[in-house]
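S.K.: Generate a structure from the sequence data that follows.
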Amino acid sequence: MKTLFTWRRTLLGMAAAGVISQCSAFSFGAEEAVVIPPPAVDETTQAHSEKVVFAGGCFWGVQGVFQHVKGVKKAISGYAGGAANTAHYERVSEGNTGHAESVEVTYDPAQVSYGTLLQIYFSVAHNPTELNRQGPDSGTQYRSAIFTENTEQQRIAQAYIAQLDAAHSFNKPIVTKLETYNGFYPAEEEHQDFLTEHPTYPYIVINDLPKVAQLKRLYPDRYQEKPVLVKAGM
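M.R.: Next up, the predicted model:
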């Protein structure tokens with residue numbers, strides 16, 4: 001994990017300096033999207049803005065996917081599950097803070113339902129059957145987890161996981177944890193909008209751009225070409 005972190009950090013600095021180009025030397029293979037049914041139970045609300053925090057491996061790809069979903073107002077990369085004083089990239093990458101790299105999704109339920117976000121999360125954004133890892137990244141900081149904002153969201157997510165497992169939608173049981181929300185801490189500015197700003201960065205090319213392409217292919221009615229960027233609203 002330390003070697004991987006050092007590699008990612010080194011390449012991050014190179015990307016920031018504008019010297020990274022597409023490279024296949026770090027090919028781990030992108031996860032394939034899985035076609036799954038929508039949840040049998042979905043949220044009913046009159047609210048026009050709600051939030052949910054998703055963790056599913058490196059936050060660059062998860063953020064990139066949800067920034068292309070119609071009805072999503074904002075998707076912020078950050079940390080959830082640990083304390084405020086350890087919510088920093090270097091500390092979280094050590095794997096012992098309780099944090100997971102996460103994305104806080106703010107959405108309009110009148111445009112996209114919570115159930116649809118769950119469907120995209122499980123089928124496109126990550127592989128929910130991998131325990132404490134995702135693709136080339138391993139450790140509890142890359143776990144699959146949903147930090148729900150209320151008991152209704154938790155109930156629906158729990159029911160959906162049971163539905164998918166009962167239908168054998170994946171070749172292994174879902175390991176996604178439903179965790180108590182105890183705060184979300186935005187990641188450093190360099191991590192925000194990373195997929196959009198560094199489309200030729202090797203990790204993005206290999207692991208994350210395919211997820212956005214799969215979103216467009218599997219959910220064309222949900223896909224928006226122009227992403228909702230964090231820095232555009234700063």
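S.K.: so what's the residue positioned nearest the centre of the chain up against?
M.R.: Centroid-nearest residue in the chain: Val62, 2.6 Å away (criterion: Cα atoms, centre = their mean). Each residue near Val62 by Cβ atoms under 8 Å, 6 or more residues apart in numbering is listed here: 54-56, 75, 77, 101-103, 125-126. The C-beta positions use only the backbone N, C-alpha and C, and glycine is treated the same way.
S.K.: Try it again at 10 Å.
M.R.: Val62 sits next to 54-56, 75, 77, 101-103, 105, 121, 124-126, 134, 195, 208, 211 when contact means Cβ atoms under 10 Å, 6 or more residues apart in numbering.
S.K.: Over to Glu179?
M.R.: Contacts of Glu179 (Cβ under 10 Å, 6+ apart): 53, 55, 80-81, 98, 100, 102, 143, 145-148, 154.
S.K.: Please dump the residues you listed into a markdown table; it should also carry pLDDT, neighbour count and distance to Thr180 for every row.
M.R.: Shown next, in a markdown table, are the contacts of Glu179 (pLDDT from 0 to 100; neighbours: other Cβ atoms under 10 Å; distance: Cβ to Cβ, whole Å):
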| residue | pLDDT | neighbour count | distance to Thr180 |
| --- | --- | --- | --- |
| Val53 | 98 | 23 | 11 |
| Ala55 | 98 | 29 | 13 |
| Ala80 | 98 | 24 | 10 |
| Gly81 | 98 | 27 | 9 |
| Gly98 | 97 | 16 | 11 |
| Ala100 | 98 | 28 | 13 |
| Ser102 | 98 | 29 | 13 |
| Arg143 | 98 | 24 | 14 |
| Ala145 | 98 | 20 | 10 |
| Ile146 | 98 | 28 | 11 |
| Phe147 | 98 | 24 | 7 |
| Thr148 | 93 | 20 | 8 |
| Gln154 | 96 | 18 | 9 |
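S.K.: Pretty sure Trp60 sits in a helix.
M.R.: Yes - per DSSP: H, G, I helix; E, B strand; the rest coil, Trp60 lies within a helix segment.
S.K.: thought it was touching Val205?
M.R.: No - Trp60 is beyond contact range of Val205, at 11.5 Å (criterion: Cβ atoms under 10 Å).
S.K.: any residues in contact with both of these two?
M.R.: Both Trp60 and Val205 are in contact with His198, where contact means Cβ under 10 Å, 6+ apart.
S.K.: quick one: average pLDDT of stretch 176-190?
M.R.: The average pLDDT for stretch 176-190 rounds to 97.
S.K.: Take it, keep the C-alpha atoms, and write them as CSV.
M.R.: C-alpha atoms of stretch 176-190 as CSV (Å, rounded to 0.1, in the frame of the first residue of the first chain):
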residue,chain,number,x,y,z
THR,A,176,-20.8,-2.6,0.7
LYS,A,177,-21.1,-1.3,4.3
LEU,A,178,-23.9,1.0,5.4
GLU,A,179,-22.1,3.3,7.8
THR,A,180,-23.3,6.0,10.2
TYR,A,181,-22.7,9.4,8.8
ASN,A,182,-20.5,11.3,11.2
GLY,A,183,-19.2,14.1,9.0
PHE,A,184,-17.7,14.6,5.5
TYR,A,185,-14.5,16.4,4.9
PRO,A,186,-13.7,17.8,1.4
ALA,A,187,-10.4,16.6,0.0
GLU,A,188,-7.6,19.0,-1.0
GLU,A,189,-8.2,21.2,-4.1
GLU,A,190,-5.8,19.2,-6.2
